[in-house]
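> test case, fold it:
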Amino acid sequence: MIAGINKPRMVIDKTICLKNIKKMAEKAHRHGLIFRPHFKTHQSAEVGNWFRDFGVESITVSSVTMASYFAKHSWKDILVAFPVNILELDDINRLASEIKLSLLLESEETFKFLSNKLQHPCNFYIKIDTGYHRTGLDASNTKIISSILFKSQHDPMLSFKGFLVHSGNTYDAKSKQEIGQIHLQSIRKLQALKEEFIHAFPGLLLSIGDTPSCSIMEDFSGIDEIRPGNFVFYDVMQNELGSCHPDEIASAVLCPVVAKHMERNEIVIYGGAVHLSKDFVLNSKGEAMYGLISLLFKNNSWSRPLEETFIRKLSQEHGIIRTNKETYDRIHIGNLLAVLPVHSCLVSDLLIRESIIWD
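Numbers count the residues shown, from 1 in each chain. Alright, predicted model coming up:
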């Protein structure tokens, strides 16, 4: 047992985090890239402060609420990388009066609204869709892009910053090679846009943000800025994609063992969907895994993931672990197990406020 932990708690290994931050910051420097990390993964002022030691001054967030939180903790250059929600205009105006705020646009309608309603100047990026198809303007839709940019040239409140892409389709890739293909396709489409508009907007930036590309790739031709977020903790999904090694996963959820079922070699933990989310990856047998399991060491660390041991099912509070007989016999009711999350961003959103940092 670890004193004081009697329910699911997120733990963060600071040493691993710092190594992950250092590695990505050095990569950005090596390629001459602006490093604007996405803070939606950790959502923590304390973790955020670790980035300052690596020269980070500009950050990315995924909501106005998150931007307000980090603005209160002395971050002065914040990009909200989510399409502007015009119903949050009052909060946007308040933030813009306090910090250097960048917004994300993808429609003439939103541009017109902000042009009429903003009380303080903001920068904006145009969200480009290069294949993920979640949101954003298709890279070939230069008619709307041109219209927005032409209007911005005469607008005192909205200054064009650049084109922004999140290639989330890399998360569905089956190999590093496929990640590379998606990455290079995005770069080519962004480069074409830059060539078309660079004369009218000589300072425009090209910004990419998915962690698999930023972790794996070494070709950033024409790119000016990277915005990865998940790399600070990494997770099981990133490990499966090849973005990281298991020993680079910097967060886990400590969960108490509450029951055992010998006939199925299954162990029940207090740790369900409300703690771990319902994201999963498939193992080599095509089985859904909602988290990998590690043993805890006395020196505030955890083991490599146990073989043949994973969460096979989640309900609201229950996690059902499938394992082999040898591991089943080693684990007892009342033990704490470390669950390596499939998606650390969602786990942070659920548990970061009561998380524990291990130095």
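> the residue most distant from the middle of this structure, which is it?
Computed with CA atoms, centre = their mean, the residue of the chain farthest from its C-alpha average is residue 263, at 39.2 Å.
> confirm that one sits in a strand?
No. Secondary structure of residue 263 (DSSP: H, G, I helix; E, B strand; the rest coil): helix, not part of a strand.
> how close does it get to residue 112?
If you measure residue 263 against residue 112 using CB to CB, to the nearest Å, the figure is 65 Å. The way it works is simple: take the backbone N, C-alpha and C, and place the C-beta from them, glycine included.
> ditto for residue 14
Residue 14 sits at a distance of 46 Å from residue 112 (criterion: CB to CB).
> now do the domain split for the protein, please.
What automatic domain parsing lists as the domains of the chain is 14-233, 245-358.
> now do the end-to-end distance for the last one.
Domain 245-358 has an end-to-end distance of 20 Å (CA to CA, to the nearest Å).
> next: the first one.
The first residue of domain 14-233 is 10 Å away from its last residue (CA to CA).
> now swap in stretch 242-254 and tell me
With CA to CA, one end of stretch 242-254 sits 25 Å from the other.
> also stretch 234-253?
OK, stretch 234-253 end separation, CA to CA: 13 Å.
> now for the spatially closest residue to residue 82 that is not a sequence neighbour, how many residues are close by?
Leaving aside its sequence neighbours, residue 82 sits nearest to residue 62 (CB to CB, 6 or more residues apart in numbering; 5.1 Å). Neighbour count for residue 62, taken as other CB atoms under 10 Å: 20.
> what about residue 62, distance to residue 104?
Taking CB to CB, one finds residue 62 at 10 Å from residue 104.
> need phi/psi at residue 128.
phi -110, psi 140 (degrees, to the nearest 10).
> what residues are bridge-paired with it?
Residues in a beta bridge with residue 128, per DSSP bridges, are residue 137.
> surely it and residue 191 touch.
No. Using CB atoms under 8 Å, residue 128 makes no contact with residue 191, being 11.6 Å away.
> who's more crowded, those two?
Taking other CB under 10 Å, residue 128 and residue 191 do not tie; residue 128 has more neighbours (26 against 14).
> tell me the contacts of that one?
Residue 128 makes contact with 136, 137, 138, 139, 163, 164, 165, 189, 190, 193, according to CB atoms under 8 Å, 6 or more residues apart in numbering.
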